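Undergrad: Just need the structure, nothing else, for what follows:
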Amino acid sequence: MTCRIGELRNKEVVNVKDGSRLGFISDIELDTDTAALTAIVVYGRLRLLGLLGREPDAVIPWQDIQLIGGDTVLVMWRQPPPAKQPGLLQRIWEKLGL
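TA: All right, here's what the predicted structure looks like:
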């Protein structure tokens, strides 16, 4: 099966570890030295219609892709734990230097 990069954007990504739908392929990463596809990128979901930003992007290495089908890409991907961001009060204390 051959597939163009533009056609990849229409494919939904599903994690076979837990059956979760990660979203649609938004971008890819290429190694320019070897011209090899190294990862696919799924943009994070919007928070509150985009007013609160978006969740982190999912960068899925090529090794984790199990199957590319007609409509779906199956991946065996373990989501990294979220980085803990300081809360509002913590950021205020840091800005005040306390």
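Undergrad: ok, residues contacting whichever strand or helix holds Ile60?
TA: Assessed by DSSP states H and E, Ile60 sits inside strand 58-61. Judged by C-beta atoms under 8 Å, 6 or more residues apart in numbering, the contacts made with strand 58-61 from elsewhere in the structure are 13, 22-23, 29, 38-42, 44, 75, 77, 79. C-betas here are computed from N, CA, C, even on glycine.
Undergrad: Repeat the analysis, applying 7 Å as the threshold.
TA: 22, 38-42, 75, 77 (C-beta atoms under 7 Å, 6 or more residues apart in numbering).
Undergrad: Now do the buried residues in it.
TA: Residues of strand 58-61 classed as buried: 58, 60 (neighbour count, 16 or more other C-beta atoms under 10 Å).
Undergrad: Please apply the same query to stretch 63-73.
TA: Neighbour count says stretch 63-73 has 64-65, 68, 73 buried, by 16+ other C-beta under 10 Å.
Undergrad: which pair in these spans the largest distance?
TA: The distance between the two most remote of the buried residues of stretch 63-73 (C-beta to C-beta) is 12.2 Å, for Asp64 and Ile68.
Undergrad: helices or strands up against the worst-scoring helix or strand of the chain on mean pLDDT?
TA: Confidence across the helices and strands of the chain bottoms out at helix 88-96, with a mean of 76, counting by mean pLDDT, DSSP states H and E. Other elements packing on helix 88-96 under the criterion 3 or more C-beta pairs under 7 Å, 6 or more residues apart in numbering; DSSP states H and E are absent; no helix or strand qualifies.
Undergrad: ok, back up a step: drop anything exposed from the contacts of strand 58-61.
TA: Burial by neighbour count, judged by 16+ other C-beta under 10 Å, picks out 22, 39-42, 75, 77 from those.
Undergrad: Grab the two from the residues you listed that are most spread out in space.
TA: Of all pairs drawn from the buried ones among the contacts of strand 58-61, the one with the longest distance (C-beta to C-beta) is Leu22 and Ala39, at 13.1 Å.
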